[in-house]
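Participant: sequence and computational prediction follow.
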4 protein chains.
Amino acid sequence: MILNKAQIDAHNEKRLAQHKRAFDFVSGELPDAEAIIRKLVDFQVAIPSWALGSGGTRFGRFSGGGEPSTLEEKIEDIGLLHQLNRSSGAVSLHIPWDIPKDAQAIKNLATDFDLKFDAMNSNTFQDQKDQKLSYKFGSMQHVDKAVRQQAIDHNIEVIKYGEELGSNSLTVWLSDGSCFPGQLNFRNAFNNTLESLQAVYAALPEDWKVFVEYKAFEPNFYSTTVGDWGQSLLYASKLGDKAYTLVDLGHHLPNANIEQIVALLLNEKKLGGFHFNDSKYGDDDLTVGSIKPYQLFLIFKELVEGMDARGMNHATDLGWMIDASHNVKDPLEDLLQSVEAIMLAYAQALLVDSKVLSDAQLNNDVAGAQEILQSAYRTDLRSLVAEARLRSGAALQPLQLFREEKIRQQLIGKRGTNSIATGL
Amino acid sequence: MILNKAQIDAHNEKRLAQHKRAFDFVSGELPDAEAIIRKLVDFQVAIPSWALGSGGTRFGRFSGGGEPSTLEEKIEDIGLLHQLNRSSGAVSLHIPWDIPKDAQAIKNLATDFDLKFDAMNSNTFQDQKDQKLSYKFGSMQHVDKAVRQQAIDHNIEVIKYGEELGSNSLTVWLSDGSCFPGQLNFRNAFNNTLESLQAVYAALPEDWKVFVEYKAFEPNFYSTTVGDWGQSLLYASKLGDKAYTLVDLGHHLPNANIEQIVALLLNEKKLGGFHFNDSKYGDDDLTVGSIKPYQLFLIFKELVEGMDARGMNHATDLGWMIDASHNVKDPLEDLLQSVEAIMLAYAQALLVDSKVLSDAQLNNDVAGAQEILQSAYRTDLRSLVAEARLRSGAALQPLQLFREEKIRQQLIGKRGTNSIATGL
Amino acid sequence: MILNKAQIDAHNEKRLAQHKRAFDFVSGELPDAEAIIRKLVDFQVAIPSWALGSGGTRFGRFSGGGEPSTLEEKIEDIGLLHQLNRSSGAVSLHIPWDIPKDAQAIKNLATDFDLKFDAMNSNTFQDQKDQKLSYKFGSMQHVDKAVRQQAIDHNIEVIKYGEELGSNSLTVWLSDGSCFPGQLNFRNAFNNTLESLQAVYAALPEDWKVFVEYKAFEPNFYSTTVGDWGQSLLYASKLGDKAYTLVDLGHHLPNANIEQIVALLLNEKKLGGFHFNDSKYGDDDLTVGSIKPYQLFLIFKELVEGMDARGMNHATDLGWMIDASHNVKDPLEDLLQSVEAIMLAYAQALLVDSKVLSDAQLNNDVAGAQEILQSAYRTDLRSLVAEARLRSGAALQPLQLFREEKIRQQLIGKRGTNSIATGL
Amino acid sequence: MILNKAQIDAHNEKRLAQHKRAFDFVSGELPDAEAIIRKLVDFQVAIPSWALGSGGTRFGRFSGGGEPSTLEEKIEDIGLLHQLNRSSGAVSLHIPWDIPKDAQAIKNLATDFDLKFDAMNSNTFQDQKDQKLSYKFGSMQHVDKAVRQQAIDHNIEVIKYGEELGSNSLTVWLSDGSCFPGQLNFRNAFNNTLESLQAVYAALPEDWKVFVEYKAFEPNFYSTTVGDWGQSLLYASKLGDKAYTLVDLGHHLPNANIEQIVALLLNEKKLGGFHFNDSKYGDDDLTVGSIKPYQLFLIFKELVEGMDARGMNHATDLGWMIDASHNVKDPLEDLLQSVEAIMLAYAQALLVDSKVLSDAQLNNDVAGAQEILQSAYRTDLRSLVAEARLRSGAALQPLQLFREEKIRQQLIGKRGTNSIATGL
């Protein structure tokens, strides 16, 4: 193991006095800091298996070193993250980039790191070597039934891998769409996709969920067949009770009000999962909270309120995953920053007094409602998040510990500078 | 009457030779020009009663002269348009800007001009003098049940006016939403709005339709409670079979694929009506076809194909209306240009050979599909549209006739330079 | 006077213990809290004379009550704001909405409230009663030289009013542009505008500056003749050393990187002034910091760094103004929130350790640079801003004091519910 | 040679009657068809050496077959295009993807196909094998002088290659920028880039031009150091008379008015070149004219008018190039469609009667100006473009001939299904 408990303890010891000063102040000012901390401790964000290496754009990819080149090494990296923050206790696998050849061994390895297997991800947006038919013109939408069947079969295979690993959900992201007017018959594409999804749905185990992810554009640049939450909701409604919409923050048209979408999907009991990242222009896949942290807070405010209104368990009733790319940062550092941003936004959202907010809303006290939200957002809750980590045995400052222990250098030492992780 | 048949005939006579040259050429090249012309003759676009005066922005309004200041004068203006192009044979009334005090007289006047009454429009986005409760914080979404009831009552009153005039549909555009995070509980706003719409729906006559219009933003700048087609479809689906979504071209986030939305709504049997305009930045309400004429064609291509797939009548099974503003143009000229752009896009869409296109799609012949669409679009069908007008007794060149006869100057002579039409 | 020192003192007294707790904690954690506080005390944001009443949209305006209906009452309102926060010590006048008929009396009144006169604003985007020529088709760009001259003369008149009041800068915002392709010859429009601005520039007193404000769209919806920072910089460069670009946060295309623009303009020594507001979709004119507070911080970070690099005085070397609309909030409350958001972002920017940041940048330590910025931003500096107010004799919690003292109700008592302020 | 004159003649022969019918009609209606045809014959669009293979996205690449795998094969493909349309008579080379190892042989080959060498393109946005220093954090903006020097040296080397081939311009597209707030000091990045460009400028041969291309975002997702036309113009102005701005249609923020930018750059004598493509969402690199053909026409209208106002030669005084990607189309078919769209837009722009338009503008006749533009745009000029091809010895219907002669299949036969072209 790259990191041991003694190193974490030493790190925490050094920072404890400063931490305690901040924590004592802020927890003293809050009505019930302990309730927030308990929820923070429970909250876990899945790390996708493709997020451990450098990401790229169509213009190029600048690999860092020490990337994990096997599934085992990826799980080790996620295990390391989880050691550092005790909030990354789940893996989201992508097939076929990370096929678990020996499922039991992989499961054991994950258990060693206290990791579970969250939603499985299928891939029908690329052609794999030896793949019989091409997805160049789509998969589940394809005009050729044989291609659609191939995509269905692949998804069913992914479910099978998931069952072996103890996962209980499938995320279907389809890049299907078109690049030019006229290329697609929109209605046929929709109906084909629905029919294909229904075939996958029929193969879904009893206790599984399927998440229908939507995206406004890219890699198709004229239309996307699951292009917005309205389309995803249509599919999910037609599929049945085990089908849900999955929201990825970067998959919207400019200026979309994502927090409202979240609220409406919860109202319809159809929100299933979440892919966190941040963006300025498109699906930029930047570090969570790096561009619009207030929007992230507003989304969490809706999540907390909407889930509470339904009596849902924050930690378990939605699938939470990071889906970012790491073009210019160390992937592990980026993931640490992303998890931190998520925990902070979640803590801030928990701080909102929903009763007082509701009163302001009932009085159309717009300025007052803003004060309530901003007061929660402006409160510096970093020490609460750190306290939750401390109590879970993780590091007060995960990123600093990562750097102090020169973990990247160690990984490079073990894996070399040229190891390449599968992914984009 | 400002314009008589003799004037139109004289105008046509002068242009006939040139027209015939173009028409003969193009109709000779087409497989079935006559079929297109017949459909063009039948197609009618409603003119809203607020579109006869200069529009404005929040920064100001620059009135032209000769605006109609009564409902009667407005109907006269629409009658004039219809005389000029025989494609504007319907009025879409807005209440309370244009309350028909004597319904029978108004109906008779309209009949004199061969005009019907299309969808009625309610208004709960402004406060009227002597209105009991304010819509400052919304209408059907409002936290106060009494405000919601006032909005419901208003819509029912609008239906009543419509029944008297022979209309059979109601368009509900709600500006309800919020300007700031925290202002609204999104779920309550949605549920209140749904409940309010249900009360209106319950009052809908048997043979009526209600159109739920959506809009991304403005006048609310943070959230809108019927903000996109997904939300509108949710309301319409929950309301029942008489409820439909209405699409206004300018009411979308940047880059939205409106033609795909149209196709999907037709696929769901939930497209009810259309508001035509054009835009570059937001709800700019510019002349139809003035900015993105190819997009207009693509939308019409989906309309034609989707309606044909459902066996719908192009002329009667959807509500067609112009909804533009005329900040820098003469409103009547602007409307003439808008109707012309609509007829042209419709003609081009009718020219698309759906069998050949379908074959290209089934072969994933993307370049070929583009050729088919662009070939229809590039064909100069202006003479076909003119021929349809000629056969209907209208002018070959409506805008030129309007100018030749100095109609605006005549209207100013009759109504003065300072007459102001109700509207925005 | 609506508010007296005793009321402020009583308010502060009540909150002092809580304030001191927060201030002592946070100032104890900072390297030099006092330096930040001193800068906060000096920083003043001008309030435009049109911001004291409810704003509206083209769809309507919902006035609150107690709006100031004279320039004197507006100055009283700004004086009140300044009493509450001691950060609003300047008035930005708009001509002709607020012509100072007796300049000396107005100046005395302002002095009584400790207010200065910041940049003067001209208006050639509306037609005033008795105005000779119309601005319907633009002002400084107009094809008619007489209209251009009228616009020039108006600006020179505004300068004259400004001189009488002790202002020393002129903000020129032109709505000039076009709504339709073909309407304008872009080059002529540019050259006419340049020539007009040169005529105004020639009339500028020696110690004055002129700010050329740009805006992407609205009220013109196809092109704007001073449409982006590139155009504004072109005009300002051609005009001369007294001409600068003015940045209004809401006047950009979607996703523009405003902080980079600010940095580049400072690099070119051509940034002159700033209009603060916030937005989600367009020029929404929402309360500063209500939508994208992190962006506001990033902008201030560039301002601080860029001004420091030039040895500029933060408080005096740029023109700072709020330019928001208040459609659903009490205007005074909205302004208090806006000023608070500005002060907070400024304080956070001052907290950034530029040496440490520069080191991270020189090492391409992207994650580290983000930590530095976010650490400053996450620090809860509200008590520092409050402390600056306390030391200046203002209220610890201006908005709360405004409400406690029922100031709006008092204003309604004095001015009535139907008083209407000039503006949009 | 894949295609010979006899095949072209046979193709034309078959279509001649239909062509003549259309051409006779439309040329009979135009004031001076011959003048337009002459200009069409002269107009040539350069084909970039990376455009002959399938493009891809970060999600994958679906190669078609028969891609050219050497520079020689690429020139053959461009030669083939030029045979088909006689409008693609130039190659735009990219270094290091297509280094001409034997310049004289390459030049001779190009001459055989009647091709010239247009602007040379450098690449400092990717790391090449054996490259000493990485461009991960930028090239000309880099904090490390050695990286900047490497980028400078590369550009100078590209110029050298260009001199050998007879090119006389260099296009510099920098992807330099940042993905996260704090990553860059914007001012330093600007100043470093300027200094680097100055070093390249100093090495520019006397009769050369350098084009500074800008792009709003991608591959950097927070800031770009040459991000908009304003920045590009700043660099070009500081560099000197041989430096110009290059406009790529896809490199703008949503809704930007590109035609106005073109007009202003021509007004400043600083427009140097053009990259054609089309897009809906971002830098989608779609076929020219496939999404917004009217915008393309409007841009050409400004080009024609602005160049005429400066007495510029349309065919030679700006650099014209296609810069599209071909994810789902045959690259050669795509290029044929792109060139066709360009020629058509150019023809339509030439048809605009600038005197009549100017009169309408001087009268603020907005509706009239729109009629003038749309009348030119609506006129079906495909037969004029075809006539220009006919007279130049090219095919009446290049795309159809390409398909009739099964050229792709021939290329696959020669090169195999797995040949891969260098590029993105």
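Facilitator: Noted; the coordinates are in hand. Numbering: from 1, shown residues only, chains lettered A, B, ... in the order given.

Participant: point out where the stretch 201-350 of chain A drops to low pLDDT.
Facilitator: Applying pLDDT under 70 to the stretch 201-350 of chain A flags no residue at all.

Participant: quick check: closest non-adjacent residue to the residue nearest to the spatial centre of chain A.
Facilitator: The residue lying closest to the centre of chain A (C-alpha atoms, centre = their mean) is residue A:321, at 1.7 Å. Closest residue in space to residue A:321, ignoring its immediate chain neighbours: residue A:46 at 4.3 Å, by C-beta to C-beta, 6 or more residues apart in numbering or on different chains. The C-beta positions use only the backbone N, C-alpha and C, and glycine is treated the same way.

Participant: any idea how far that neighbour is from chain D?
Facilitator: Remark: distance between residue A:46 and chain D (C-beta to the nearest C-beta, to the nearest Å) = 21 Å.

Participant: I figured that residue hits residue A:93, correct?
Facilitator: No. Taking C-beta atoms under 8 Å as the definition, residue A:46 is not a contact partner of residue A:93, at 9.6 Å.

Participant: sorry, back to before: any idea what the residue nearest to residue A:321 is bridged to?
Facilitator: residue A:90, residue A:321 (DSSP bridges).

Participant: list the contacts of it.
Facilitator: Residues near residue A:46 by C-beta atoms under 8 Å, 6 or more residues apart in numbering or on different chains: A:88, A:90-92, A:118-119, A:319-322.

Participant: one more: residue A:245?
Facilitator: A:211-214, A:229, A:232-233, A:236, A:265, A:270-272.

Participant: restricted to strands, list those residues.
Facilitator: Mapping the contacts of residue A:245 onto strands (DSSP state E) picks out A:211-213, A:271-272.

Participant: most surrounded residue in those?
Facilitator: Within those, residue A:271 tops the neighbour count with 30 neighbours, counted by other C-beta atoms under 10 Å in any protein chain shown.

Participant: any idea how far the closest residue in space to it that isn't next to it in sequence lies from chain D?
Facilitator: The shortest distance from residue A:271 to any non-neighbouring residue, by C-beta to C-beta, 6+ apart, is to residue A:265 (3.8 Å). Using C-beta to the nearest C-beta, we find residue A:265 at a distance of 24 Å from chain D.

Participant: and residue A:314, by the same measure?
Facilitator: In terms of C-beta to the nearest C-beta, residue A:314 sits 29 Å off from chain D.

Participant: residues near that residue, how many?
Facilitator: Neighbours of residue A:314 using other C-beta under 10 Å come to 19.

Participant: okay, and it sits in which element?
Facilitator: Using DSSP states H and E, no element contains residue A:314; it sits outside every helix and strand.

Participant: that one contacts residue A:40, doesn't it?
Facilitator: No. Judged on C-beta under 8 Å, residue A:314 makes no contact with residue A:40 at a distance of 9.9 Å.

Participant: find residues that contact each of these two.
Facilitator: residue A:346.

Participant: circling back to that earlier point, distance to residue A:192 for the contacts of residue A:46 - can I get that in CSV?
Facilitator: Below are the contacts of residue A:46 laid out as CSV (distance: C-beta to C-beta, whole Å):
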residue, distance to residue A:192
A:88, 37
A:90, 33
A:91, 32
A:92, 27
A:118, 29
A:119, 24
A:319, 26
A:320, 31
A:321, 27
A:322, 31
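
Participant: circling back: contacting residues for the residue nearest to the centre of chain A?
Facilitator: A:45-48, A:92, A:118-119, A:273-276.

Participant: phi, psi of residue A:402?
Facilitator: The phi/psi pair for residue A:402 (degrees, to the nearest 10) reads phi -60, psi -40.

Participant: tell me the residues of the stretch 1-150 of chain A that contact chain D?
Facilitator: A:55-60, A:62, A:125-127, A:134-137 (C-beta under 8 Å from any C-beta of the partner chain).

Participant: swap in 10 Å and give it another go.
Facilitator: Neighbours of chain D within the stretch 1-150 of chain A, by C-beta under 10 Å from any C-beta of the partner chain: A:54-64, A:123, A:125-128, A:134-138.

Participant: can you tell me which of the contacts of residue A:321 is closest to residue D:289?
Facilitator: residue A:275 (35.2 Å; C-beta to C-beta).

Participant: how about the residues of the stretch 1-150 of chain A near chain B?
Facilitator: A:134, A:136-138, A:142-144.

Participant: by neighbours, which of these wins?
Facilitator: Neighbour counts for the residues of the stretch 1-150 of chain A next to chain B, by other C-beta under 10 Å, peak at residue A:138, which reaches 29 neighbours.

Participant: and the pLDDT at that one?
Facilitator: Looking at residue A:138, its pLDDT is 98.

Participant: that one falls within a strand, correct?
Facilitator: No. Counting by DSSP: H, G, I helix; E, B strand; the rest coil, residue A:138 falls outside a strand, being coil.

Participant: could you find the closest non-adjacent residue to it?
Facilitator: residue A:176 (4.0 Å).

Participant: is it true that the one you found touches residue A:197?
Facilitator: No. Assessed by C-beta atoms under 10 Å, residue A:176 is found out of contact with residue A:197, at 11.0 Å.

Participant: for chain A, what's the longest helix?
Facilitator: helix A:5-29 (DSSP state H).

Participant: just how off-centre is it within its chain?
Facilitator: 28 Å (C-alpha atoms, centre = their mean, to the nearest Å).

Participant: got the angle for that helix vs helix C:5-29?
Facilitator: 170 degrees (axes from the mean of the first three to the mean of the last three C-alpha atoms, to 10 degrees).

Participant: let me see the contact set for the closest residue to residue A:304 other than its chain neighbours.
Facilitator: Distances taken as C-beta to C-beta, 6+ apart put residue A:349 closest to residue A:304, at 4.5 Å, once the chain neighbours are dropped. By C-beta atoms under 10 Å, 6 or more residues apart in numbering or on different chains, the contact set of residue A:349 is A:36, A:39, A:296-305, A:314, A:373, A:376-377.

Participant: which helix or strand lies directly C-terminal to the strand or helix carrying residue A:349?
Facilitator: Using DSSP H and E, residue A:349 maps to helix A:331-351. Counting by DSSP H and E, the next helix or strand C-terminal to helix A:331-351 is helix A:354-362.

Participant: what does the residue of the stretch 101-250 of chain A at minimum distance from chain C show for phi and psi?
Facilitator: Residue nearest to chain C within the stretch 101-250 of chain A: residue A:250 (12.7 Å; C-beta to the nearest C-beta). Residue A:250 adopts backbone torsions of phi -90, psi 0, taken as degrees, to the nearest 10.
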